[in-house]
Each structure stands twice: as C-alpha cells, then as structure tokens.
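Chemist: how would this look folded up:
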Amino acid sequence: MPKYPLYDNEAASLQAGSGRALRDVTLAAVLDGSMTLDDLQVHRDALVAQAEIARAAGYAQLAENLERAAELTAVPRGEIIEMYNLLRPGRSRRAELDVLAERLEVQYQAPRCAALVREAADVYTVRGLLRHPDAL
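Modeler: Residues are numbered from 1 along each chain as shown. As a prediction, this is how the structure comes out:
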C-alpha cells in the first residue's frame with residue numbers, strides 16, 4: 001500500500017506522464033527546454049496509488065474518480081475534448097454515446113469510464129437530454 005503523501009513517501013517510484021522521473025521535473029528543465037507537455041501530465045500509476053490511499057481512508061467515491069482518471073491517461077488530449085463535448089447534455093444521440101463507451105472500453109481499456117458513459121446515456125434518455133434525432 002502506498003503511503004500518503006505520495007511525493008514525500010514514494011518519490012523514488014513516481015513518474016510524470018511521459019515516464020520521466022518526477023524528481024527530474026524541475027524549473028531548470030523547463031527553462032532549458034528539455035521538458036515536454038507529457039512531463040507535466042500525471043502518470044497512471046500515481047492516480048492508481050492515490051485511489052488506493054483514498055479507498056483505504058474510507059473515501060470510496062474519490063477512489064472511483066481517481067481510478068477513472070487513471071484510465072483516461074491512455075486517451076489522447078484531443079479525444080478527451082471530443083468526449084467532453086459528446087457528454088454535454090443535448091449534444092449527442094444515444095448511438096453516439098454507445099459508440100463512445102465501446103471505444104473507451106475496447107480501444108483504451110477504460111471500463112470504468114465506459115460504464116460512466118453508459119450510465120450518462122441512460123440518464124440522458126430518461127430525462128430527455130439526448131440530441132433530437134432530427135437535429136443537424
């Protein structure tokens with residue numbers, strides 16, 4: 001079980017989203033131009049560790065959110081924005097949300113996120129929040 005706070009207790013094993021050691025993500029690296037945007041993204045393993053800590057502390061909902069975030073680290077940024085737009089009420093048809101859930105599950109191995117999209121699609125259906133089939 002990882003120890004909280006991670007940066008103080010698990011620093012040797014922490015990585016940036018790029019795989020770069022977290023201890024190497026420094027202001028000096030920013031100034032010399034050797035860092036990339038991926039160096040500033042959280043690594044999946046850090047989110048999973050935080051989820052374990054949250055669950056052990058009795059914060060199940062927070063743990064679930066962190067686990068979904070961990071799954072999303074495999075999804076390219078541009079697709080995250082596309083997914084966000086599809087999930088806005090009135091923006092998608094049911095079939096589009098079903099395709100999104102399938103893509104999350106199959107292409108990105110993100111079953112928790114896929115389940116959340118399916119749940120949203122069910123709620124949108126019941127509440128009339130789907131895009132009208134005749135809309136352009």
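
Chemist: Give me the helices and strands touching the host helix or strand of residue 65, please.
Modeler: Assigning secondary structure by DSSP states H and E places residue 65 in helix 60-72. With contacts taken as 3 or more Cβ pairs under 8 Å, 6 or more residues apart in numbering; DSSP states H and E, helix 60-72 sits against helix 44-56, helix 111-127. For glycine as for every other residue, the C-beta is placed from the backbone atoms N, C-alpha and C.

Chemist: for that helix, which positions count as buried?
Modeler: Judged by neighbour count using 16 or more other Cβ atoms under 10 Å, the buried positions of helix 60-72 are 63, 65-72.

Chemist: which one of the helices and strands packed on helix 60-72 is the most hemmed in?
Modeler: Of those, the one with the most neighbours on average (mean count of other Cβ atoms under 10 Å) is helix 44-56, at a mean of 18.
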